[in-house]
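1. Sharing a model prediction with you, sequence too.
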Amino acid sequence: MIPIHFFGKVETVGKNKHKWVNTQMVYAMPYDSPIPGYGNNTVNTMRLWSAKAPKNFDLKFFNDGEYIQAVCDRNLAENISRVLYPNDNMFEGKELRLKQEYFMVAATLQDIIRRYKSSKFGCRDPVRTNFEAFPEKEDDICSPLQQLHEKVAIQLNDTHPALAIPELMRILVDIEEMPWDKALEITQRACAYTNHTLLPEALERWPIHMFEYLLPRHLQIIYDINAYHMERVAKMWPGDFDRMRRMSIIEEGHVKNINMAHLSIVGSHAINGVAAIHSDLLQKGLFKDFFEMDPHKFQNKTNGITPRRWLLLCNPNLADLIAEKLGETWVTKLDELRGLEKFANDQKFLLSVAKVKQENKMKFAQYLESTTGMRIDPSAMFDVQVKRIHEYKRQLLNILHIVTIYNRLKKNPSMDFTPRVVMIGGKAAPGYHMAKQLIKLYNNVGRVVNNDKIVGNKLKVVFLENYRVSLAEKVIPAADLSEQISTAGTEASGTGNMKFMLNGALTIGTLDGANVEMAEEMGKDNIFIFGMTVDEVDELVKKGYKPRDYYEKNDDLRQALDMIRGGFFSPERPDLFHDVVDALLNHDRFCLLADYEAYIKCQDEVSALYKDPMAWTKKCVMNIAASGKFSSDRTIEQYAREIWGVEPSDFVIPPPYVDPGRSDDVDEAPTSK
């Protein structure tokens, strides 16, 4: 087990030497899970950590009458890994989260250093003990740890592990007694930062006072890193104090905070976004100052998904159909799906694709009935929006569409209408009040719509409870329409959009995140794009966005909002959703009302196309054929080559029953006689 320290104080024990003392300690116990590669006989290890109290229950405490305190102390220590990411609205929750972040980082880094020092696989004891006689270059004599970045790549997946930067500095400077400048160089060359959000309020900012008592040595190191960083800024832009304020890791104000994104940028050699438009917006907006300072650091790495899980495993009938046409190598070379384009006009193939989709829909309808008791029509369009519940993802825009088409049906029950089953699912942060309101509103709308005999089976509204990977594996292969409707310029990338695309669902979406690249790959004729672009959103906001104007001008929108605000969907509490509608009419930060009319019009186009099954299925095939770029294999290859400095290998380790020297077929297992 690995000791992890908290609290305490810092003592100066010599010139520029510090010691972290009087700390409270917990242990990190590793739990390893094997992660097998696909068809290469390679098994990697995913190591997770569990917090353990430093002492087991001591009978002496029981005899002395202090056993309750002993149990409380043990529980307090082990709470660190008991529940991850608690409610962030309470101060205690914030402290526990910071503890969690440091706990995971510190345990992992100590493990990395231990393994780096051990030259033999499986050796637990350090064998590289002479740190003065290990050449980094022919002419240099240096410590082996000065080559750390050549053997170790630390990818900061958002800012949650950003404490890796000061923790690695602490290990190199305080424990390995490395010069500060050299330690920072190695830290920067080992670390790289992936940003996952464009929303400023989502970036982590930790109060200084919390660091002062929880991680005092790390606070000192962060101050030192910031001093070095500010010196660089001052040299490049002398006298530009406003720029220095904007770029500082330490944010001044009523409460001084540490900007963890800024720390991640300064402490890393590479920074990337996760979609082309996202990376571009980081460079032009959120991290503009840093891009102007170090443009060579910034890259793009568009997200990807694994086709093994999100097609081969969850949609085996579609995978078999593809294999009949293309063979089976597409599973690891997803670009080969382009070969399906030549079958886009093959009526027999289109019928086969449509049959697979219908079978998946029937299976999901049966699953839904068996788990919830709700019956849905598998011949209706399955319109699905599954993702975290958040205002910028605009589940509320989807709800407004439901209310709008419900009103149309009520007004004219005999109208020509494309039947729909609308499904929304996703998790919400426990302290996110508006997200909870949206879930409540959606369910209340569903209660009214689903029990309206005039509407019948033409429109059903389903909330997918406890949305998770295992449920996604069922609903994504069954979906006809994928809702990716975030405000342009707010979604970093998205991966659900790629999963739906790979499984032959058509997308209705904005030019946001990876939707932009999806449209480029498949052609804009095969995706339903609506709404404002990033530039148009910016222009509207600068001009002075007045959401109430859209409410006044659009009768359908006004009727829908009036019904929600007037208690039509909450007769037991007519004022239940006042705050939802008031927020839209007075603020509407994510421009729902500005995009409403374009969204409704685009949904009408979706309904019209769905009435032509062959035309619809042709577009589905074009979506599948264009999915190759969005394989996680491509993403990881780019990280490896362009950030980690590692060349990917397709080497297949021979099975243990095969003599590596033989040239026989390695796929054939021995048989018993």
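-> That came through fine. None of these values were measured; they are calculated from a predicted model. Residues are numbered from 1 along each chain as shown.
2. pretty sure residue 214 is touching residue 101, no?
-> No - using C-beta atoms under 8 Å, residue 214 makes no contact with residue 101, being 10.8 Å away. C-beta: built from backbone N, CA, C; applies to glycine.
3. Compare those two and say which is more crowded by neighbours.
-> residue 101 (21 against 18; other C-beta atoms under 10 Å).
4. contacting residues around the more buried one?
-> With C-beta atoms under 8 Å, 6 or more residues apart in numbering as the criterion, the residues that contact residue 101 are 160-163.
5. now it: how far from residue 460?
-> As for residue 101, its distance to residue 460 is 42 Å (criterion: C-beta to C-beta, to the nearest Å).
6. could you dump the contacts of residue 101 to TSV with neighbour count and secondary structure?
-> As requested, the contacts of residue 101 are arranged in TSV below (neighbours: other C-beta atoms under 10 Å; DSSP: H, G, I helix; E, B strand; the rest coil):
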residue	neighbour count	secondary structure
160	18	coil
161	22	coil
162	27	coil
163	28	coil
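7. closest to residue 376 among those residues?
-> Here the nearest of those to residue 376, counting by C-beta to C-beta, is residue 160; it sits at 38.3 Å.
8. for this protein, what helix or strand is lowest in average pLDDT?
-> helix 59-63 (a mean of 59; mean pLDDT, DSSP states H and E).
9. In what element of secondary structure is the residue sitting nearest the centre point of the chain found?
-> Nearest residue to the geometric centre of the chain (C-alpha atoms, centre = their mean): residue 196, 6.6 Å. Using DSSP states H and E, residue 196 falls within no helix or strand.
10. Report the contact partners of it.
-> So residue 196 contacts 157-158, 274, 492 (C-beta under 8 Å, 6+ apart).
11. Show me what the helix or strand harbouring residue 508 is packed up against.
-> The secondary structure element spanning residue 508 is strand 506-509 (assigned by DSSP H and E). For strand 506-509, the helices and strands in contact under the criterion 3 or more C-beta pairs under 8 Å, 6 or more residues apart in numbering; DSSP states H and E are strand 481-484, helix 496-502, helix 515-522, strand 528-529, helix 592-610, helix 613-625.
12. residues of the first one that come out buried?
-> Burial within strand 481-484, assessed by neighbour count using 16 or more other C-beta atoms under 10 Å, is assigned to 481-484.
13. and of the residues you listed, the nearest to residue 504?
-> Of all the buried residues of strand 481-484, the one sitting nearest residue 504 is residue 482; the distance, using C-beta to C-beta, is 10.1 Å.
14. Show me what counts as buried in stretch 311-322.
-> Of the residues in stretch 311-322, those buried by neighbour count under the rule 16+ other C-beta under 10 Å are 311-312, 314-315, 317-319, 321-322.
15. Likewise for stretch 597-613?
-> Going by neighbour count (16+ other C-beta under 10 Å), the buried part of stretch 597-613 is 597, 599-600, 602-603, 606-607, 610.
16. Can you give the contact residues for stretch 148-155?
-> Stretch 148-155 has contacts (C-beta under 8 Å, 6+ apart) with 112, 116, 164, 168, 186, 189-192, 194, 639, 643-646.
17. Sorry, wrong one. I was asking about stretch 24-43.
-> The contact list for stretch 24-43, computed with C-beta under 8 Å, 6+ apart, reads 1-8, 44-54, 77-78, 80, 103, 106-107, 111, 308, 331-332, 650-655.
18. quick one on the thing from earlier: give me the sheet partners of the strand holding residue 508 and which way each runs.
-> strand 481-484 (parallel), strand 528-529 (parallel) (DSSP bridges).
19. how about these in TSV, adding mean pLDDT?
-> Compiled in TSV, the strands paired with strand 506-509 are given as follows (pLDDT from 0 to 100):
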stretch	mean pLDDT
strand 481-484	98
strand 528-529	98
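20. Any chance of TSV for the ones you listed, columns distance to residue 431?
-> Written out in TSV, the entries for these read as follows (distance: least, C-beta to C-beta, whole Å):
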stretch	distance to residue 431
strand 481-484	25
strand 528-529	34
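21. roughly how far apart are residue 520 and residue 297?
-> Taking C-beta to C-beta, one finds residue 520 at 26 Å from residue 297.
22. swap in residue 219?
-> Using C-beta to C-beta, one obtains 25 Å as the distance from residue 219 to residue 297.
23. Could you check which of those two has the larger neighbour count?
-> Using other C-beta under 10 Å, the more surrounded residue of residue 219 and residue 297 is residue 219, with 21 against 18.
24. Which element, helix or strand, includes that one?
-> Counting by DSSP H and E, the element that carries residue 219 is helix 216-236.
25. neighbouring contacts of that helix?
-> When contacts are taken as C-beta under 8 Å, 6+ apart, the neighbours of helix 216-236 outside the stretch itself are 7-10, 18, 20, 102, 163, 165-167, 169-170, 173-174, 180, 184, 208, 211-212, 240, 243-244, 247-250, 258, 263, 266-267, 293.
26. which is the next helix or strand following that helix?
-> Proceeding C-terminally, helix 216-236 gives way to helix 241-247 as the next helix or strand, assigned by DSSP H and E.
27. Restricting to C-alpha, output that following helix in CSV.
-> Backbone C-alpha positions of helix 241-247 (Å, rounded to 0.1, in the frame of the first residue of the first chain) are rendered in CSV as follows:
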residue,chain,number,x,y,z
PHE,A,241,-0.6,44.0,-16.3
ASP,A,242,-4.1,43.2,-17.5
ARG,A,243,-2.7,40.3,-19.5
MET,A,244,-0.7,39.2,-16.5
ARG,A,245,-3.9,39.2,-14.4
ARG,A,246,-5.8,37.2,-17.0
MET,A,247,-3.0,34.6,-17.4
